[in-house]
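[1] Make a model of this:
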Amino acid sequence: MTDQDKKVNRRRVDTEAINLRLPRGMIDAIDDQRRKEQDLPTRPEMIRRALVQWLEMVEGKSEE
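    Numbering: from 1, shown residues only. Here you go, the predicted model:
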């Protein structure tokens with residue numbers, strides 16, 4: 001499968017990339033928490049999960 005084929009078959013989602021700098025201690029804490037998850041999520045996925053939990057806590061809902 002070529003790179004072009006991958007782009008053509010990619011499911012469209014309404015997302016936007018962000019660049020985020022974090023202190024090393026916070027990255028280490030995220031990595032520690034990732035290792036506790038059964039499926040070992042990527043850092044971006046772990047951050048998404050944390051944001052969903054935070055939004056549910058402060059707003060009572062989440063956007064997925």
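
[2] Same question for E45, what's its three-state structure.
    What DSSP: H, G, I helix; E, B strand; the rest coil gives for E45 is helix.

[3] no no, V13
    Under three-state DSSP, V13 comes out as coil.

[4] what about the residue nearest the centre of the chain, distance to G60?
    By Cα atoms, centre = their mean, the mean C-alpha position of the chain lies nearest to E45, the distance being 2.6 Å. Distance, E45 to G60, by Cβ to Cβ, to the nearest Å: 23 Å. For glycine as for every other residue, the C-beta is placed from the backbone atoms N, C-alpha and C.

[5] repeat for D39
    Taking Cβ to Cβ, one finds D39 at 26 Å from G60.

[6] got it, and R34?
    For R34, the distance to G60 - Cβ to Cβ - is 26 Å.

[7] Which elements pack onto the host helix or strand of R35?
    R35 is part of helix 24-36, with elements assigned from DSSP states H and E. Using 3 or more Cβ pairs under 8 Å, 6 or more residues apart in numbering; DSSP states H and E, the elements in contact with helix 24-36 are helix 43-59.

[8] re the thing from before, can you list contacts of the helix holding R35?
    Contacts to helix 24-36, defined as Cβ atoms under 8 Å, 6 or more residues apart in numbering, come from residues L22, L40, P41, T42, R43, M46, I47, A50.
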